[in-house]
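Peer 1: sequence and predicted structure below; questions after.
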Number of protein chains: 2
Amino acid sequence: MTAPHIFDRALALKPSGIRAGHSTGMTSADYWNMIGPFGGTTAAVVLQSVLQHPDLLGTPIALTVNYAAAIEAGAFDVQATAVRTNRSTQHWTVEITQAGAGGAPHVTTTATVVTAARRETWGANDLPMPTVPAPAAVKRISIGPTGVAWTNQYEMRPISGKIPATWDGGGDHSESLIWLRDADPRPLDFTSLASLSDMFYPRVWLRRARHVPAGTVSITTYFHVGPAELAAVGTGYLLGRAVGQQFHNGFFDQAAQLWSEAGLLLATSNQIVYFKE
Amino acid sequence: MTAPHIFDRALALKPSGIRAGHSTGMTSADYWNMIGPFGGTTAAVVLQSVLQHPDLLGTPIALTVNYAAAIEAGAFDVQATAVRTNRSTQHWTVEITQAGAGGAPHVTTTATVVTAARRETWGANDLPMPTVPAPAAVKRISIGPTGVAWTNQYEMRPISGKIPATWDGGGDHSESLIWLRDADPRPLDFTSLASLSDMFYPRVWLRRARHVPAGTVSITTYFHVGPAELAAVGTGYLLGRAVGQQFHNGFFDQAAQLWSEAGLLLATSNQIVYFKE
């Protein structure tokens, strides 16, 4: 018997039986960030709570996660609610709560999810994969760029827009291209795709070559594939691209895309990030 | 005494006194779309419910609106809840409900909003305004492109990517550029910026030159300005750009940006849209 992948352990949610869609989980030391879990893991936990709900219709289309408060190490509660089920789409709200020091639970995370039963239609891609060297031709970085636990769980082969080697204020753009996959191979699924969508370091660090405090406030990811396309990716690499758009008075947004190595655009994601100074 | 602008009438929410953040509104015939209110107006109503809440902290940063069900003509209820208030950010959930035929209320719209007290910081723009002719040099279209009520409430001067004149299946791209403002001049504010973010017609129509059924499922808008920058725009034109990214099995996403005529990126927005065939 094989031990479960650490990502699956981080996503393990136990239905409480208290009410439909309510479950409990535990933060993962493996995916720890500076002062809380890696936001990608939290997004994946949100999605997992919907995916394991007995009333689920279809597959994920859209996921918005708002990081309202840091999640402390330990147990948390997740409530997934199917607010509206249409013929082919389903609308969910999700909340993660934690008991505070005084025992009164508080909300750490709000989220909405849309799932849908997709039907085969015409399709097209208007955001083609950039031309880049193959993964094997790009050097793997041996440790994550920020020295926190979660970055060790991903194999990263940055092509351009690497994290600045020196914080000298010399930045002049905000675009990164990188090959990515789980360090311990795990077939791609919706939860890992959700997590990978949040794995680009804050664009302000690149743009300014200054290591200012920054943290995601809200992320929205759109899924452009079904289970068959995910299965075709398997444990293969994804090409990730992230770029900043507007930086203004304490917040900036960054747009991200994830393509399969074969060039299929799997997910597009946007986030708004707090920064200081 | 001047009559209120029709947009302000569409946004008029009356606190019910039933509980904090609960109010009632009425759909607007002026902003009617095919089978419900224009989604931009609904997004603006969501934002308005937060902006008029007595506990509001700061100004809007992020807005996600999920269109769970069509809103029928008539009265609706809005509940805005401040889920978490931090030192400088505030997290909101918003729900619009309507009484059904049988009188049982159902959710038509779920939403999350982040507001924040911004502080002056370094800033930059990495998504410059495209070079286009000035508004006066671009012909105004005399009626809205889709022949529904709401399009008459906007002055539209499309530069490129106009709605196809014939549905001949000859499309080959999904990008539109257009000068926009309220047809009846109204100084720009956060609610009208939210509404304008949703005013681009479905990219699938342009991409395919086919008039297939399509409708927004979820929209996320990030606000990159404060009241002073909005005041500087006043009743001026905004340059809007929208482009499709991935079209696959019944859904596509479109990215949109809105710049002031002076070239300031005011808002970036993304939506995921259902389409048929």
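Peer 2: Perfect, I can see it now.

Peer 1: only C-alpha atoms for contact and neighbour calcs from this point on.
Peer 2: OK.

Peer 1: return the backbone torsion pair for A:Trp231.
Peer 2: Rather than Trp, residue A:231 is Ala. The phi and psi values for A:Ala231, taken as degrees, to the nearest 10, are phi -60, psi -30.

Peer 1: for A:Gly236, same thing?
Peer 2: phi -70, psi 170.

Peer 1: help me confirm that it comes into contact with A:Ala262.
Peer 2: No. Contact criterion C-alpha atoms under 8 Å: A:Gly236 and A:Ala262 do not qualify, at 9.5 Å.

Peer 1: ends of stretch A:67-75, how far apart?
Peer 2: 17 Å (C-alpha to C-alpha, to the nearest Å).

Peer 1: chain center to it: distance?
Peer 2: Its chain's C-alpha centre lies 16 Å from the corresponding centre of stretch A:67-75 when counted by C-alpha atoms, centre = their mean, to the nearest Å.

Peer 1: is any part of that stretch close to chain B?
Peer 2: Yes. Against chain B, stretch A:67-75 shows contacts by C-alpha under 8 Å from any C-alpha of the partner chain at A:Ala68, A:Ala69.

Peer 1: then stretch A:115-129?
Peer 2: Yes. Shown here: stretch A:115-129 in contact with chain B (C-alpha under 8 Å from any C-alpha) through A:Arg118, A:Arg119, A:Glu120, A:Thr121, A:Trp122, A:Gly123, A:Ala124, A:Asn125, A:Asp126, A:Leu127.

Peer 1: what residues are up against the third one?
Peer 2: Neighbouring residues of A:Glu120 by C-alpha atoms under 8 Å, 6 or more residues apart in numbering or on different chains: B:His248, B:Asn249, B:Gly250, B:Glu277.

Peer 1: let's see if you can find the most crowded of these.
Peer 2: Among the contacts of A:Glu120, the one with the most neighbours (other C-alpha atoms under 10 Å in any protein chain shown) is B:His248, at 23 neighbours.

Peer 1: and the closest residue to it other than its chain neighbours, how many residues sit next to it?
Peer 2: Ranked by C-alpha to C-alpha, 6 or more residues apart in numbering or on different chains and with sequence neighbours excluded, the top spatial neighbour of B:His248 is A:Gly123, at 4.6 Å. Number of residues near A:Gly123 (other C-alpha under 10 Å) recorded here: 15.

Peer 1: pull the distance from stretch A:76-83 to the chain's centre.
Peer 2: On the basis of C-alpha atoms, centre = their mean, stretch A:76-83 sits 18 Å off its chain's mean C-alpha point.

Peer 1: which one of A:Gly236 and A:Ala262 has more residues nearby?
Peer 2: A:Gly236 (20 against 13).

Peer 1: tell me the pLDDT of that one.
Peer 2: On pLDDT, A:Gly236 comes in at 98.

Peer 1: wait, what's in contact with the residue nearest to A:Thr42 when sequence neighbours are not counted?
Peer 2: Sequence neighbours aside, A:Ser195 is the residue nearest to A:Thr42 in space, at 7.9 Å (criterion: C-alpha to C-alpha, 6+ apart). The contact partners of A:Ser195, by C-alpha under 8 Å, 6+ apart, come to A:Gly39, A:Gly40, A:Thr41, A:Thr42, A:Ala43, A:Ala44.

Peer 1: which among those residues gets closest to chain B?
Peer 2: In terms of C-alpha to the nearest C-alpha, no member of the contacts of A:Ser195 lies closer to chain B than A:Ala43, at 15.2 Å.

Peer 1: so what does the host helix or strand of that closest one touch, helix or strand wise?
Peer 2: Using DSSP states H and E, A:Ala43 sits in helix A:39-51. Helices and strands touching helix A:39-51, by 3 or more C-alpha pairs under 8 Å, 6 or more residues apart in numbering or on different chains; DSSP states H and E, are strand A:59-67, strand A:75-85, strand A:89-99, strand A:105-116, helix A:190-196.

Peer 1: can I get those in a markdown table including mean pLDDT?
Peer 2: Formatted as a markdown table, those follow (pLDDT from 0 to 100):
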| stretch | mean pLDDT |
| --- | --- |
| strand A:59-67 | 98 |
| strand A:75-85 | 98 |
| strand A:89-99 | 97 |
| strand A:105-116 | 97 |
| helix A:190-196 | 98 |
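
Peer 1: can you say which of the ones you listed is packed in most?
Peer 2: Of all the helices and strands packed on helix A:39-51, strand A:59-67 has the most neighbours on average by mean count of other C-alpha atoms under 10 Å in any protein chain shown, namely a mean of 26.

Peer 1: wait, does stretch A:77-85 make contact with chain B?
Peer 2: Yes. Stretch A:77-85 is in contact with chain B by C-alpha under 8 Å from any C-alpha, via A:Val83, A:Arg84.

Peer 1: restrict that stretch to CA atoms and write it as CSV.
Peer 2: Extracted C-alpha coordinates of stretch A:77-85, given in CSV (Å, rounded to 0.1, in the frame of the first residue of the first chain):
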residue,chain,number,x,y,z
ASP,A,77,-13.9,23.8,9.5
VAL,A,78,-15.2,24.0,5.9
GLN,A,79,-18.8,24.5,4.9
ALA,A,80,-19.7,24.0,1.2
THR,A,81,-23.2,25.0,0.3
ALA,A,82,-24.9,24.4,-3.1
VAL,A,83,-26.9,27.6,-3.3
ARG,A,84,-28.4,27.0,-6.6
THR,A,85,-28.5,24.1,-9.0
